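Chemist: Below is the sequence, then the predicted model.
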Amino acid sequence: MVGCILAVLVIGAVAVGFLAYYGTSYFNWNFNPATTDFSFEAEVGATNETVALDVNVAAGSISIVFVDNESLLYEIDMLVQNTTLDTEGVPTVSFIGNTIGVEYPSLGMNITLGSGVNYTINILTQSGSVSVVFGAGAHIGDLTASVTSGSISIVMVDDTVLLGSPTFDLQTTTGGISIVADLPSGVGGSIECATSLGSVSITAAGWTEITSNHYETTDYDTASQTLTIVAQTGLGGVSAVLT
């Protein structure tokens, strides 16, 4: 069941990611003179330490997925408006000090990460959508995603490999946050959500309700490994389904 949900969400994340910023013209980008696509790819090679993905985009959509490919470090596909290219130049991807860096004013971007190394993720965008799917092969530590105006969607399956006891810190000023997470076996979990103006919906069967916006597994304080999720929005709703 989780596999079916994941497949649908991965496809949706890729499609909706670009659609959110570029509209239906994405499907004809090869024939659209108003946009240009860019692709970047690197292999793991001799890299054997944790790799940080650092993304800073002023406006646009960001979709991140993992694949079971030990040789792949990253594959990044970008779609950029030509008017932006005229003023900002060609986008680049850097890899310095075990950090994958992407910084550009506005674009649509699909990022694929492999299974050969551990990752941490930091995403900052002022306007747009962020979608992260931790599927088969994902090795992840801390995740930070901050969106001023837009949405955040997180999906995690139970064969995700967690690095230590990570924290997922999700924040929007205006916009919704959606979380669907199936914790790996033996991992304790905690989720705490907050919104200034909006609603919080948490479905966590078998978890203990600390408050209406805060749930923990019964072994959260004793488990050798934990996942802590904090989701906050100023204006918008938070929806979480946890198992």
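Modeler: Great, that's in hand.
Chemist: Least confident secondary structure element in the chain?
Modeler: Lowest on mean pLDDT, DSSP states H and E among the helices and strands of the chain sits helix 2-22, with a mean of 40.
Chemist: What is the subsequent helix or strand relative to it?
Modeler: The first helix or strand that comes after helix 2-22 along the chain, using DSSP states H and E, is strand 35-43.
Chemist: mind checking how far the closest residue to residue 34 other than its chain neighbours is from residue 100?
Modeler: Among residues not flanking residue 34 along the chain, residue 82 sits closest, at 5.7 Å (C-beta to C-beta, 6 or more residues apart in numbering). The way it works is simple: take the backbone N, C-alpha and C, and place the C-beta from them, glycine included. From residue 82 across to residue 100, the span is 25 Å (C-beta to C-beta, to the nearest Å).
Chemist: out of those two, which sits in the busier spot?
Modeler: Using other C-beta atoms under 10 Å, the more surrounded residue of residue 82 and residue 100 is residue 100, with 22 against 11.
Chemist: which residue is nearest the centroid of the protein?
Modeler: Centroid-nearest residue in the chain, with C-alpha atoms, centre = their mean: residue 132, separated by 2.6 Å.
Chemist: so who does the closest residue to residue 165 other than its chain neighbours touch?
Modeler: Nearest in space to residue 165, with sequence neighbours left out and distances taken as C-beta to C-beta, 6+ apart, is residue 226 at 4.4 Å. The neighbours of residue 226, taking C-beta atoms under 8 Å, 6 or more residues apart in numbering as the test, are 165, 187, 188, 189, 190, 220.
Chemist: Also residue 159?
Modeler: If you count contacts by C-beta under 8 Å, 6+ apart, residue 159 has them with 136, 184.
Chemist: and the gap between the closest residue to residue 205 other than its chain neighbours and residue 183?
Modeler: Leaving aside its sequence neighbours, residue 205 sits nearest to residue 243 (C-beta to C-beta, 6+ apart; 6.4 Å). Separation of residue 243 from residue 183 (C-beta to C-beta): 7 Å.
Chemist: before we move on, what about residue 192?
Modeler: To residue 183, residue 192 is 15 Å away according to C-beta to C-beta.
Chemist: what does residue 200 give?
Modeler: Counting by C-beta to C-beta, the separation of residue 200 from residue 183 is 19 Å.
Chemist: What's the biggest strand in this structure, counting residues?
Modeler: The residue-count maximum for a strand in the chain (DSSP state E) belongs to strand 139-156.
Chemist: Remind me what that strand packs against, helices and strands.
Modeler: helix 2-22, strand 119-134, strand 161-162, strand 167-174, strand 177-181 (3 or more C-beta pairs under 8 Å, 6 or more residues apart in numbering; DSSP states H and E).
Chemist: anything in contact with each of residue 243 and residue 183?
Modeler: residue 158.
Chemist: More neighbours: which of those two?
Modeler: residue 183 (21 against 14).
Chemist: Just confirm that one contacts residue 166, I think it does.
Modeler: No - contact criterion C-beta atoms under 8 Å: residue 183 and residue 166 do not qualify, at 11.8 Å.
Chemist: any common contacting residues for these two?
Modeler: With contacts defined as C-beta under 8 Å, 6+ apart, the residues adjacent to both residue 183 and residue 166 are residue 227.
Chemist: Doesn't residue 220 belong to a helix?
Modeler: No - assigned with DSSP: H, G, I helix; E, B strand; the rest coil, residue 220 falls outside any helix and is coil.
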